[in-house]
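Chemist: Need a 3D model of the following:
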Amino acid sequence: MTYLRTMALVATLGLVGCVTTEVTGDAPLMANPKEAAQINQELGIAYLRQGNYALARLKLEKAVDGNPKLATAHSALGLVYERLGAIDEAEDEYRRAARLAGDDPNALNALGVFLCLRRNEPDDALRYFDRALKYPLYPNRVMLFTNAGVCARKVDLKMAEDYFRQGLALDLTSSELLLQLSDVSFQQGNYLQSRGFLERYITTIGVSPAVLWLGVQIETALGDARAAEIYGQRLKSEFPISVETRMLLEQERDAG
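Modeler: As a prediction, the model looks like this:
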């Protein structure tokens, strides 16, 4: 149960939060090279947000050609290359952005996400997340702790739990962190703790097939057959065609 892909997309696009999708056209001919590069960066980001990767690539490549020191353009270009399946080129751009940006949490987070997801190199990725987390004034540290925790799940569940708890300390109502903590607690055999986090999540957000299925598993592990049955009945009635419902029905058949 991981959510890094969605979170990473938000984090990467968050690099360019001041740019609007209304920016279109071409850089003015009279602009000097650095001004033209900046305008092409904004155009490229606008096209990226619109999902027009071909035009985004064209504008962002012009931006970094005009000013190779534009860290944001390199990071955005990395995302474009990643979306286009050019993974090696994407990594080059993410790494350039991280080098140029120094300890900027946005660039470090983008590279960390890429390394964890695309390269399956969680240890290397966590070093970049940890560097990003050293910046105390970054406004979205909850996102950094969440991304780090999801990545750490590939390495060590206790480490992942520590990241999630630090994030939750900053935002006690974070639904993402409550669900992650419920799941990692369950995986570690801490069933009562897992139940507590899941109940807080349901109170905050509601249910989904994955949430109800986790509830079945938690209550079964705790030996509360009635509570497990209630979760199971809700799963079958509210989400009858879900994958989780099929797993529950198979489990019930196997149990005889």
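
Chemist: wait, doesn't residue 123 sit right on residue 155?
Modeler: Yes - in this structure residue 123 lies within contact range of residue 155 using Cβ atoms under 8 Å: 6.5 Å. The way it works is simple: take the backbone N, C-alpha and C, and place the C-beta from them, glycine included.

Chemist: Residue ranges of each domain in this structure, please.
Modeler: For the chain, automatic domain parsing gives the domain ranges 1-171, 172-256.

Chemist: Could you dump the ones you listed into a markdown table with mean neighbour count added?
Modeler: As requested, the domains of the chain are exported to a markdown table (neighbours: other Cβ atoms under 10 Å):
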| stretch | mean neighbour count |
| --- | --- |
| domain 1-171 | 19 |
| domain 172-256 | 17 |
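
Chemist: Can you add mean pLDDT and give the ones you listed back as a markdown table?
Modeler: As requested, the domains of the chain are exported to a markdown table (pLDDT from 0 to 100):
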| stretch | mean pLDDT |
| --- | --- |
| domain 1-171 | 85 |
| domain 172-256 | 95 |
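
Chemist: OK, contacts around residue 196?
Modeler: Counting by Cβ atoms under 8 Å, 6 or more residues apart in numbering, residue 196 makes contact with nothing.

Chemist: Can you give me the distance of it to residue 177?
Modeler: Using Cβ to Cβ, to the nearest Å, residue 196 is found at 13 Å from residue 177.

Chemist: what's the answer for residue 152, then?
Modeler: Residue 152 is 13 Å from residue 177, by Cβ to Cβ.

Chemist: And for residue 236?
Modeler: 28 Å.

Chemist: which helix of the chain spans the most residues?
Modeler: Using DSSP state H to define each element, the chain has its longest helix at helix 33-50.

Chemist: now the helices for this structure?
Modeler: For the chain, the helices defined by DSSP H cover 4-13, 33-50, 53-66, 71-83, 87-101, 105-117, 122-133, 141-152, 157-170, 175-187, 191-204, 209-222, 225-238, 243-254.
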